[in-house]
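1. Any chance you can model this:
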Amino acid sequence: MLPMQDPPTQLRWVGNSYATQRIAMLRQVTFAIALGALALIATAPAEAGRRGDALSASATSVRKDYVREAKTAESTFNDAVANLQRGLSRGETTAEEAATGFGAALAFYASRLKVAGDGAADAFANDVAGAMAAAGDNDLAGGVTGDGGSADKFAESIRSDLTKFRKKALKRATKFAKVLAKDGGARVRMRVSFEAWTYTQRPAADADGTFPVRPEPVRLWGSVTTRLTDGNIIATVFGSAAPQLDNQFDVRLEGQIVRGLGDLLAEGGMDVTNDGTWSFTGRVGNPFIGDGLDVGNRQIHFGVDPEDQGLGGLQPRRLEHAGLISIP
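-> The predicted model follows:
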């Protein structure tokens, strides 16, 4: 026969266990409530943005227009590349024509994305200013940066869209480089390098509707270099700059010999369009006169702050790092 357990001891243990469980449950519930309240406080701006604020409809509409313009530009670029590939495969387009055409098409595509992004920034800023004026509130929810509302979500969505377009363009460029190597002739090689494709919230909207905008810096968006069968190099570089910087900077390929990718300042400098973009496509160096380009990585610099140096003409007072380029 098993010995009898001490009832009081058993009851005491059960009682303590039950009380302990109740206390633990209460603590968990209290902790969960506290966490929930904290989360509610921390995500209040984001939740408000998801529910919508005074600028949510504008942000959606302007972004929709931006995406439509960007996709139209993307379609035009893809069609141009497809035509170049068909010409190569049929022997109707030379490697030099294909490299030149591809570089020009890519630069034009990037410029259209830049223009679409700037247009979206201006359109949304105008809508923000109108909403602020109507409400008499320069701190209108959703219209100011950092409150988690429509202004923040709008900017992030445009940057995200631009990143996607960039990735797709790079993928298309890499594919085209393989086609060119296959159908362009012996020893033909192309290399493509992209820097950041940027979107900038330039106008700071307020109820007065005034947008003090400072000139943007010179930016390199990307480069394409192709070595032809005869050793010549076709290069494309493209980017953005304030229209006020037209002919006020140049683009330099660094090396033992500094070569201009486009006109150096002494020759007139880089042309900038009214849309705030610039590009160059053409031959760089000449291997038949001992001025060829060796294979390898190079840096691209911007020559800025021109000054007149007499017989030397305009020269940059300083150089800015722009990005990297690879010579195939």
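
2. what residue is smack in the middle of the chain?
-> By Cα atoms, centre = their mean, the chain has its centre lying nearest to W197, at 2.5 Å.

3. List the contacts of it.
-> For W197, the contacting residues are 110, 113, 162-163, 165-166, 221-222, by Cβ atoms under 8 Å, 6 or more residues apart in numbering. (C-beta placed from N, C-alpha, C; glycine too.)

4. Please repeat the previous calculation with a cut-off of 7 Å.
-> Residues in contact with W197 (Cβ atoms under 7 Å, 6 or more residues apart in numbering) are 110, 113, 162, 166, 221.

5. which SSE is the nearest residue to it once chain neighbours are set aside in?
-> Spatial nearest neighbour of W197, chain neighbours left out: R166 (4.5 Å); criterion: Cβ to Cβ, 6 or more residues apart in numbering. For R166, the host element (DSSP states H and E) is helix 150-183.

6. Mind checking the pLDDT average for the next helix or strand after that helix?
-> Sequence order places strand 189-194 as the next helix or strand after helix 150-183, per DSSP H and E. Averaged across strand 189-194, pLDDT comes to 96.

7. Output strand 189-194 as PDB, nothing but the C-alphas.
-> The C-alpha trace of strand 189-194 is given here as PDB (Å, rounded to 0.1, in the frame of the first residue of the first chain):
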ATOM      1  CA  ARG A 189      33.300  43.900 -76.100                       C
ATOM      2  CA  MET A 190      31.000  46.300 -74.200                       C
ATOM      3  CA  ARG A 191      30.900  47.200 -70.500                       C
ATOM      4  CA  VAL A 192      28.200  49.100 -68.700                       C
ATOM      5  CA  SER A 193      28.300  50.800 -65.400                       C
ATOM      6  CA  PHE A 194      25.600  52.700 -63.600                       C
END
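
8. got the angle for the next helix or strand after it vs helix 150-183?
-> Next along the chain after strand 189-194, taking DSSP H and E as the criterion, comes strand 219-227. For strand 219-227 against helix 150-183, the angle by axes from the mean of the first three to the mean of the last three Cα atoms, to 10 degrees is 10 degrees.

9. Is it correct that Q299 falls within a strand?
-> Yes: under DSSP: H, G, I helix; E, B strand; the rest coil, Q299 falls within a strand.

10. Check the spacing between P316 and M270 real quick.
-> Using Cβ to Cβ, to the nearest Å, one obtains 12 Å as the distance from P316 to M270.

11. CSV please, covering the contacts of W197 and showing neighbour count.
-> Shown next, in CSV, are those (neighbours: other Cβ atoms under 10 Å):
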residue, neighbour count
A110, 24
L113, 24
L162, 20
R166, 18
W221, 24
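
12. Can you tell me the number of residues neighbouring D53?
-> The number of residues packed near D53 is 22, by other Cβ atoms under 10 Å.

13. nearest residue to it other than its sequence neighbours?
-> Once flanking residues are discounted, D53 sits nearest to G142: 3.2 Å by Cβ to Cβ, 6+ apart.
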